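Chemist: build me a model:
(one chain, ligands or ions: 2)
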Amino acid sequence: MSLKDYEGEIYTCLRCGFCQAGCPTFRHTLNESLNARGRVILAKLYLTGQYTPDEDYMQRVLSCTLCDICKVKCPPKVEVAEIVEALRSELWRSHRDLYPQDIVESINSILERQNPFGVPREQKMRSYEGESSVLFFVGCSSSVYYPHMAENTLQVLRALGLNPTVLGQEEPCCGYRLVEMGAVDEFKRVASEVVSFLENRGVELVITNCPTCYKTLKEYYKRYTSLTFEVMHITEWLVKEAKFEGELSEPMTVTYHDPCHLGRSMGVYEEPRQLLESIRNLKFVELPKSREESICCGGPIRALYPELASKMSDEVVQGAIEVGASQIVSSCTTCYRSIASSAAFHAEVDALDLPTLLARALRRG
Ligand code: SF4
Ligand code: SF4
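Modeler: Ligands and ions are numbered 1, 2, ... in the order given. I've put the predicted structure just below:
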């Protein structure tokens, strides 16, 4: 949809400011133009031709993490994240020269190398032959930087009777960064190429670890393509299709951080908790802000605004310390990376990825 299609949504904003209570980029800057309300006004100014974008304007638009907590706090439920996405798609078309180089490179990298990190495709993890109709879609972040998370996921799935295929270097990028940053035409092309590629391979079920790939394949692709295969997050598959049970050799107190793309976006709150509660010797405690109130880890803006992003992940870590958790479990590589970078400053708490914990619990380690 174009920004013009969101005109009604833009005028639905009451300017009440309740979104200040949720928006993390406002909370850590106290800058109204980095708040949801401010961003709605920026969109209106663009739409009415009252403002010509410059670098400051871009910073305000690009620093939104699309975390969607503003909608939770907003009385008329204004779709601020969707407005920001539509605004970015206008800006990508009309003011591409104002985009930071980092974003342009990331977009080109997806189109040329099938990953947003600018690394050669050969740096993705190895492939595994398995059932051709079931694909474990690893995602670029885990494939390039955290292959152990994918290996642990595979170990868990195999132990529970599923032997999916892993495409390794052949795995395409889901293209989220394109739609996130406004490169919508490029995203549509990628989405239809990925869907054709998977369909031609006979894929009927895609299981992924990555909340961003999950949301992209399941929700964004549906806007532009018709999917013939089912998409499940690993936690959904483990709860619905397998009877996961595990045990830790030592007692451990853990908390769980809801990734924005898995929780607020896709409503997957229960399954990760059910998995954690099925592990003996594990004590589960909730973060002070969880489920739809979960704090964004800052991951989406870490490359561009590292200080602001760190303040966001520090908040998550402080919450975990408050509730006495020794491990913050995450089912998202981006959240894991953000939380780990903040947890590194605190001896009492650490970041732990869900697949590694599950594999360990299966081994009773
Ligand atoms: S809470 Fe909603 S309606 Fe109120 S200012 Fe924020 S975006 Fe606008
Ligand atoms: S999506 Fe998140 S960062 Fe963006 S305006 Fe809403 S609360 Fe703020």
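Chemist: name the residues of stretch 196-214 that are buried.
Modeler: 198, 203, 205, 206, 207, 208, 209, 210, 211, 212, 213, 214 (16 or more other C-beta atoms under 10 Å). Just so you know, the C-beta spots here come from the backbone N, C-alpha and C atoms, and that holds for glycine as well.
Chemist: likewise stretch 46-64?
Modeler: Buried, per 16+ other C-beta under 10 Å, within stretch 46-64: 46, 47, 53, 57, 58, 60, 61, 62, 63, 64.
Chemist: between all of these, which two are separated the most?
Modeler: 47 and 63 (19.9 Å; C-beta to C-beta).
Chemist: report how many residues lie close to residue 77.
Modeler: Other residues near residue 77 come to 12 when the count uses other C-beta atoms under 10 Å.
Chemist: my error: substitute residue 271 in the last question.
Modeler: Neighbours of residue 271 under the rule other C-beta under 10 Å: 19.
Chemist: which element is the nearest residue to it once chain neighbours are set aside on?
Modeler: Among residues not flanking residue 271 along the chain, residue 235 sits closest, at 3.9 Å (C-beta to C-beta, 6 or more residues apart in numbering). Using DSSP states H and E, residue 235 falls within helix 234-241.
Chemist: so which elements touch that helix?
Modeler: Secondary-structure packing of helix 234-241 (3 or more C-beta pairs under 8 Å, 6 or more residues apart in numbering; DSSP states H and E): helix 147-159, strand 205-208, helix 270-277, helix 354-362.
Chemist: so how many other residues sit close to the residue nearest to residue 271?
Modeler: By other C-beta under 10 Å, neighbour count at residue 235 equals 26.
Chemist: could you check the angle the helix holding residue 235 makes with helix 270-277?
Modeler: Orientation check (axes from the mean of the first three to the mean of the last three C-alpha atoms, to 10 degrees): helix 234-241 against helix 270-277 gives 80 degrees.
Chemist: what comes up buried for helix 234-241?
Modeler: 234, 235, 236, 237, 238, 239.
Chemist: give me the distance between the first one and residue 358.
Modeler: Distance from residue 234 to residue 358, counting by C-beta to C-beta, to the nearest Å: 9 Å.
Chemist: quick revisit: restricting to C-alpha, output the helix holding residue 235 in PDB.
Modeler: Taking Å, rounded to 0.1, in the frame of the first residue of the first chain, the C-alpha atoms of helix 234-241 are listed here in PDB:
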ATOM      1  CA  ILE A 234      10.200 -24.000  15.400                       C
ATOM      2  CA  THR A 235       8.400 -23.500  18.800                       C
ATOM      3  CA  GLU A 236       5.000 -24.000  17.200                       C
ATOM      4  CA  TRP A 237       6.100 -27.300  15.500                       C
ATOM      5  CA  LEU A 238       7.700 -28.600  18.700                       C
ATOM      6  CA  VAL A 239       4.500 -27.900  20.700                       C
ATOM      7  CA  LYS A 240       2.000 -29.000  18.200                       C
ATOM      8  CA  GLU A 241       3.700 -31.900  16.400                       C
END
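Chemist: other residues contacting whichever helix or strand comes after that helix?
Modeler: Following helix 234-241 in sequence order, the next helix or strand is strand 246-257 (DSSP H and E). Identification of contacts with strand 246-257 by C-beta atoms under 8 Å, 6 or more residues apart in numbering yields 272-273, 276, 278-287, 290, 294, 297, 316, 319-320, 323-330, 335, 339, 352, 357-358, 360-362, 364-365.
Chemist: could you do stretch 5-22 as well?
Modeler: Contacts of stretch 5-22 (C-beta under 8 Å, 6+ apart): 26-27, 35-37, 40-41, 43-44, 47, 69-70, 72-76, 78-80, 82-83, 86, 293.
Chemist: now stretch 65-78
Modeler: By C-beta under 8 Å, 6+ apart, the list of residues contacting stretch 65-78 reads 9, 12-14, 16, 18-19, 21-25, 36, 40, 79-81, 84-85, 180, 260, 264-265, 292-296, 298-301, 312.
Chemist: which parts of the stretch 1-150 of the chain sit against ligand 1?
Modeler: 13-19, 36-37, 40, 70, 73-74, 76, 78, 80 (C-beta under 6 Å from any ligand atom).
Chemist: among these, name the ones in strands.
Modeler: If you go by DSSP state E, those have nothing in strands.
Chemist: nearest to residue 157, of those residues?
Modeler: Scanning these for proximity to residue 157, where the rule is C-beta to C-beta, the winner is residue 70, at 36.2 Å.
Chemist: so what's the closest one scoring on pLDDT?
Modeler: pLDDT for residue 70: 98.
Chemist: for the residue of the stretch 201-350 of the chain found nearest ligand 2, report the pLDDT, please.
Modeler: Nearest residue of the stretch 201-350 of the chain to ligand 2, counting by C-beta to the nearest ligand atom: residue 296, 6.3 Å away. pLDDT recorded at residue 296 is 98.
Chemist: repeat for residue 235
Modeler: 97.
Chemist: got the contact list for it?
Modeler: Contacts of residue 235 by C-beta under 8 Å, 6+ apart are 262, 268, 271, 272, 275, 331, 354.
Chemist: endpoints of stretch 122-137, how far apart?
Modeler: 16 Å (C-alpha to C-alpha, to the nearest Å).
Chemist: now check stretch 43-54, is it near ligand 2?
Modeler: No - against ligand 2, stretch 43-54 shows no contacts by C-beta under 6 Å from any ligand atom, the least distance being 10.9 Å.
Chemist: still on that earlier bit, just the contacts of stretch 65-78: which are in helices?
Modeler: Using DSSP state H, the members of those that fall within helices are 9, 12, 24, 25, 36, 40, 80, 81, 84, 85, 180, 312.
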